[in-house]
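> Below is the sequence, then the predicted model.
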Protein chains: 4
Amino acid sequence: MIDVALFGAGRIGKIHAANLFAHQGVRLKYVVDTHAPSAAALAEQYGASVTDTDTALNDNSVGAVIIASSTDTHAELILRAAAAGKAIFCEKPVDLDLARARDCAAAVAAAKVPCLIGFQRRYDPTFAAVKARIDAGEIGSPEMLIVTSRDPGAPPVDYIKRSGGIFKDMLIHDFDICRWILADEVVSVHASASVLTDPAIADAGDADCTAVTLRTKSGRLCQINTTRRAAYGYDQRFEVQGSLGMLQAGNHRPTEVTAFGSKQVATDLPEHFFLERYQAAYAGEMAHFFRVITQGETPRTTVEDGVKALELADAATRSWQEGRVIAL
Amino acid sequence: MIDVALFGAGRIGKIHAANLFAHQGVRLKYVVDTHAPSAAALAEQYGASVTDTDTALNDNSVGAVIIASSTDTHAELILRAAAAGKAIFCEKPVDLDLARARDCAAAVAAAKVPCLIGFQRRYDPTFAAVKARIDAGEIGSPEMLIVTSRDPGAPPVDYIKRSGGIFKDMLIHDFDICRWILADEVVSVHASASVLTDPAIADAGDADCTAVTLRTKSGRLCQINTTRRAAYGYDQRFEVQGSLGMLQAGNHRPTEVTAFGSKQVATDLPEHFFLERYQAAYAGEMAHFFRVITQGETPRTTVEDGVKALELADAATRSWQEGRVIAL
Amino acid sequence: MIDVALFGAGRIGKIHAANLFAHQGVRLKYVVDTHAPSAAALAEQYGASVTDTDTALNDNSVGAVIIASSTDTHAELILRAAAAGKAIFCEKPVDLDLARARDCAAAVAAAKVPCLIGFQRRYDPTFAAVKARIDAGEIGSPEMLIVTSRDPGAPPVDYIKRSGGIFKDMLIHDFDICRWILADEVVSVHASASVLTDPAIADAGDADCTAVTLRTKSGRLCQINTTRRAAYGYDQRFEVQGSLGMLQAGNHRPTEVTAFGSKQVATDLPEHFFLERYQAAYAGEMAHFFRVITQGETPRTTVEDGVKALELADAATRSWQEGRVIAL
Amino acid sequence: MIDVALFGAGRIGKIHAANLFAHQGVRLKYVVDTHAPSAAALAEQYGASVTDTDTALNDNSVGAVIIASSTDTHAELILRAAAAGKAIFCEKPVDLDLARARDCAAAVAAAKVPCLIGFQRRYDPTFAAVKARIDAGEIGSPEMLIVTSRDPGAPPVDYIKRSGGIFKDMLIHDFDICRWILADEVVSVHASASVLTDPAIADAGDADCTAVTLRTKSGRLCQINTTRRAAYGYDQRFEVQGSLGMLQAGNHRPTEVTAFGSKQVATDLPEHFFLERYQAAYAGEMAHFFRVITQGETPRTTVEDGVKALELADAATRSWQEGRVIAL
């Protein structure tokens, strides 16, 4: 039986708790959250106790921690959990500061504990199938990757101010997709960005639409386009052009209804947002985390992946701000 | 807390047990199965006890029964559970014999217990969305219904011999779809059928491909086409032609990958078979069953629906055997 | 140079004239139409002369006739053109009366002239590709055929009264599809039909929605569903279920635009009606007709096909009127 | 009657000749080509004469010229035809040299003759429908444009050497799409490019895969991805993200057949190459050209559009070669 401490009882913490619950041999022991009622409600639902960070990390029976608290707490919790020898699952990003993220990677390496970063998209059935088919050689050598990543609406400007900017907050997932799918390291980054949906985002020093080009060591090309506000919802697609063919990862839809009306033929919008779109992915990453712990499965999204994605986000931010190509 | 007795620890019994487990306020108390190891394994997994029918039905703490045992046990279990005042969920068909199915309906009515029949397709997100949109008037008055219902492969001939024939075994779901979607009663049935996939099915006195036409009281027309063996898998679609438009319910697929190769553009086959295709539907019908018990929700698939579908299956069988139209 | 006489300067006559014009080695010599201004306009456009039937058929330089005049003139023109030794292209149906249609077939056979019937769907790129792929063995042995054939709106009731009824007027194309695709002769017909779109159609003694089942010699099954009025337009699809797979022939659309709005994802309606949908098919059948004449290509849609489709239309009409299965 | 002189009897010249032929009131009078047999064959087919440039341009009865000869002849023919007061249709590009292209624009302006450049994609039914729907306000203000433009295979290296490079040869169409769809002028260009399909292309000093980002005056972003060799054929799509929705222009396919096999569900590849894909567009641009001449319709693709697209191609080439962002 693996006892687990969960940090963060918010939206994503609840999802992890529910997915934990479905696993035999795993038990939610502690919930830690600065917001007491949230912690209490979640703890009660799954028969866990509310406690504080020290108690949770000092309890030797706790084998694994799930860090789903706010971004500014990630690095410290990783460092402390690694020091305490716990297996770690941490939501992205490792930290907004690259140096600090690298410290985390070093600490994890020194402690020899598994540390998975929550790049859940790698566990999405559609995305994972594309990756597996590329690995099986279906499209030969990957040449170009086109990533479409659009949110249905921007978060509050207060959040944006603390988010590290669109490249660290939103595109960090897409940078991870690029490294994962192309299986190659990026050597240069160009980012262009605009504020087209809400001037308040400009006032906050951020952008809401971006167009990024990454070039890898082998000359592979990746283009990412994002917006904070797509009127039609959450749009998460990518396509990989290879020497022998092309693979597209499309959106998922709530139903497979097609309506033929007097003006047009209509289908559902994509799944509303990340909670719906990546429901299977969240379950999949948690299952993977426990297989890493119990069966020694190789971690699929490591803290190094978290650091590398942050490096790209940093470079993209600079490219945008300085209007030039950044070499890595 | 509702204590539940489950009859049948086979494939579908396991699905119901897992869906039960996800409900707060519900507990699997007993598992009854003639195959002791299956009963034991399932009971252990969910903390239930293995017992026999008498014990399960005589235990006053048991509020609900789930009948997922073989078809020939359904009627007796419904009759006994109704007499014992239990809420009943029973897999289709009620019975292969229409008179006996009607006895069940009468017993359930007399006992005033809820009795849901497992026409799970009504709980499928896509099918239910079509129904809701028709009810909301989107396509005006429904005029025609075209149902495509194809299995990836035939069951063993031994099963077929005991199955009551393709109309009672397989099309009974489609007859229920017809009554549900057209919201109208059938007045005549014509069925044509052939053996085209396996001569052993003919030897067993059954057919493997059917073409059925139903006509309702209001003159609405329904066509059903089925086969026991579609090379490409499980195909479950229908479309409703109405005065103002048309709605199609399409297949679900495991992933949304599209592959562009040198010869063609390819997507996934439909979900493999009913366990995959109707995963959400099985969860949905169990959730509904407990809302019927605890919140008084109106049952969506009643024992009367089970009887009516059986009447149509009987009529279709006769139409096929006698080569003529059967009026109801 | 082949000189051609065209009978009928209406909608379909104009299409044939335009398609003729694109062929080198073919010249429109005469246009014959009881409506003089139509004949004059068409003749002028393509440098032809207006004349009468006798002149056209007696002119030895005329090698081919195209009969696109009203249905009641078809049989006589076929008989006279055959007697005059002309190659014949005639719009469907050969005649509304089966005996008279058979007379035409006999006369054509005796005269040994090519006589093609305008079942243009066989020349549609999508439908023809399905047929070619079946013939190449892609889906093994065809087992079931499902035909969807819906018009965007009914013709005037006056036309319906003279049309021979929905089975001869509209489904005759679908009966031809059945024979062509299944490559098997029909042994029994069941037709159900209703008036659901316009009571005036009932007053005219006809129906507007039909559900037909055909059974072939080898036990293959075909279902056809039609309506005179689909709110979303012209719907022409079929699918063929075979022992090794399934082929669907889908609708064509004016453009490949997909619109993602705030409520739904929308694409174009199907091509508006037969003139748009079968534009390529009309060109294809005319090209075929001249290859039959000049290169001895085997006729793809013969007068015998016209007779057979009419036999099925007759049987379907009787099945509907008498409420029973008709054996052929 | 407009008499037309056609320069160039190659592949694209033949298409224009055939489209000309379908227009009443237009006559192909002259064919000019350095390859005598090609000129003779085309002239004979449409009843024209073979002649030389001087004769064609000095003939006062010639009202319009179509320039479909090799790129290095375009500018001189435009200059001479403008001087002779002819209406001009010229294939892209105006010239490979920007200064010379600007001279052509100036000459055309001075001569006040219509001069259309063959950006045929603007006449494609799908692309034109997207443009019309944007103009009608369907997606509000356009924010991002993603263009996918992939060829099925590279032309011979000899051609590539004289082509001006991939940006002038291939992306010039995409640059035109960007200006047309976003209706905004570009202020900066970033281009990355690689040789991934054939090292001989690198030897020729060119690239075969490109990733381009354009930024407009209003901050709109456009990404273009291209390859010289897509294993699955010719891929011509774009999508426009706007404030109120998104419009996608998809590929066209030869047929609407869907095949369900034992492994996958498959549809046709896109139309093979530009001759098939843009068949309707080529007819549309020729029809437009003659409406410009006879009805004074406003030219849709002017010589200025040709110059602007060339400016972008030049900037992209420099961006790639110098590895930096180019401001315009």
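That came in fine, so what should we check first?
> Please tell me I have it right and A:G205 contacts A:G165.
Yes. If you go by C-beta atoms under 8 Å, A:G205 and A:G165 touch, sitting 7.4 Å apart. C-beta coordinates here come from the backbone N, C-alpha and C atoms, glycine included.
> Domain ranges for chain A, per the record?
A:2-113, A:122-278+A:303-327 (automatic domain parsing).
> centroid residue for chain A?
A:F119 (3.2 Å; C-alpha atoms, centre = their mean).
> Look at A:G205 and A:G165 and report which has more neighbours.
A:G165 (22 against 10; other C-beta atoms under 10 Å in any protein chain shown).
> which residue packs closest to that one, ignoring adjacent ones?
Nearest non-adjacent residue to A:G165, counting by C-beta to C-beta, 6 or more residues apart in numbering or on different chains: A:D206, 5.1 Å away.
> Can you tell me how far A:E276 is from A:L328?
Using C-beta to C-beta, to the nearest Å, we find A:E276 at a distance of 35 Å from A:L328.
> before we move on, which element is A:T55 in?
Under the criterion of DSSP states H and E, A:T55 resides in helix A:53-58.
> which bits of chain A sit near chain B?
With C-beta under 8 Å from any C-beta of the partner chain as the criterion, chain A meets chain B at residues A:125-126, A:129-130, A:133, A:138-139, A:244-252, A:254-262.
> ok so, going back, which strand or helix spans the residue nearest to A:G165?
Using DSSP H and E, no helix or strand contains A:D206.
> pretty sure A:G63 is in a helix, no?
No. Applying DSSP: H, G, I helix; E, B strand; the rest coil, one finds A:G63 to be strand, outside a helix.
> Low-confidence ranges, the stretch 101-250 of chain A, go.
By pLDDT under 70, the stretch 101-250 of chain A has no low-scoring segment.
> where do the helices sit along it?
Under the criterion DSSP state H, counting those that start in this stretch, the stretch 101-250 of chain A contains helices at A:125-135, A:157-162, A:166-169, A:171-182, A:199-203.
> Tell me which of these sits most buried.
helix A:166-169 (a mean of 26; mean count of other C-beta atoms under 10 Å in any protein chain shown).
> what's the spacing between that helix and its chain's center?
With C-alpha atoms, centre = their mean, to the nearest Å as the basis, helix A:166-169 stands 11 Å off its chain's centre.
> Check stretch A:54-65 too.
25 Å.
> in it, what counts as buried?
Counting neighbours by 16 or more other C-beta atoms under 10 Å in any protein chain shown, one finds that the buried residues in stretch A:54-65 are A:56-57, A:59, A:62-65.
> can you list these in JSON lines and add distance to B:V113 and pLDDT?
JSON lines is the format used below for these (distance: C-beta to C-beta, whole Å; pLDDT from 0 to 100):
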{"residue": "A:A56", "distance to B:V113": "48", "pLDDT": "98"}
{"residue": "A:L57", "distance to B:V113": "53", "pLDDT": "98"}
{"residue": "A:D59", "distance to B:V113": "49", "pLDDT": "98"}
{"residue": "A:V62", "distance to B:V113": "47", "pLDDT": "98"}
{"residue": "A:G63", "distance to B:V113": "47", "pLDDT": "97"}
{"residue": "A:A64", "distance to B:V113": "46", "pLDDT": "98"}
{"residue": "A:V65", "distance to B:V113": "48", "pLDDT": "98"}
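> Closest to C:D305 out of these?
Nearest to C:D305 among the buried residues of stretch A:54-65, counting by C-beta to C-beta, is A:A64 at 72.6 Å.
> Run through the bridge partners of the closest one.
On the basis of DSSP bridges, A:A64 is bridged to A:V4, A:A87.
> in the stretch 101-250 of chain A, which spans are strands?
Using DSSP state E, counting those that start in this stretch, the strands of the stretch 101-250 of chain A run over residues A:115-117, A:142-150, A:186-194, A:209-216, A:221-227, A:235-242, A:246-249.
> For my notes, please list those strands in a markdown table and give mean neighbour count for each entry.
A markdown table is the format used below for the strands of the stretch 101-250 of chain A (neighbours: other C-beta atoms under 10 Å in any protein chain shown):
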| stretch | mean neighbour count |
| --- | --- |
| strand A:115-117 | 27 |
| strand A:142-150 | 23 |
| strand A:186-194 | 23 |
| strand A:209-216 | 26 |
| strand A:221-227 | 26 |
| strand A:235-242 | 24 |
| strand A:246-249 | 24 |
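> now those as CSV including distance to chain D?
Below are those laid out as CSV (distance: least, C-beta to the nearest C-beta, whole Å):
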stretch, distance to chain D
strand A:115-117, 27
strand A:142-150, 5
strand A:186-194, 4
strand A:209-216, 4
strand A:221-227, 4
strand A:235-242, 6
strand A:246-249, 6
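> right, and the ones you listed - which one's nearest chain C?
strand A:235-242 (7.8 Å; C-beta to the nearest C-beta).
> quick one, that closest one and strand D:142-150 angle?
Using axes from the mean of the first three to the mean of the last three C-alpha atoms, to 10 degrees, the inter-axis angle of strand A:235-242 relative to strand D:142-150 is 20 degrees.
> Convert stretch A:83-100 to CSV, retaining C-alpha atoms only.
Presented in CSV, the C-alpha positions along stretch A:83-100 are these (Å, rounded to 0.1, in the frame of the first residue of the first chain):
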residue,chain,number,x,y,z
ALA,A,83,15.3,15.4,0.4
ALA,A,84,12.7,13.3,2.2
GLY,A,85,13.1,10.6,-0.3
LYS,A,86,9.5,10.7,-1.6
ALA,A,87,8.4,9.8,-5.1
ILE,A,88,7.2,13.1,-6.7
PHE,A,89,4.5,14.1,-9.1
CYS,A,90,4.5,17.8,-9.7
GLU,A,91,2.3,19.9,-11.9
LYS,A,92,4.0,22.0,-14.6
PRO,A,93,5.9,24.3,-14.4
VAL,A,94,8.7,23.3,-12.1
ASP,A,95,9.2,26.9,-11.4
LEU,A,96,9.0,30.2,-13.4
ASP,A,97,12.7,30.8,-12.7
LEU,A,98,15.0,28.7,-14.8
ALA,A,99,17.9,28.6,-12.3
ARG,A,100,15.6,27.4,-9.6
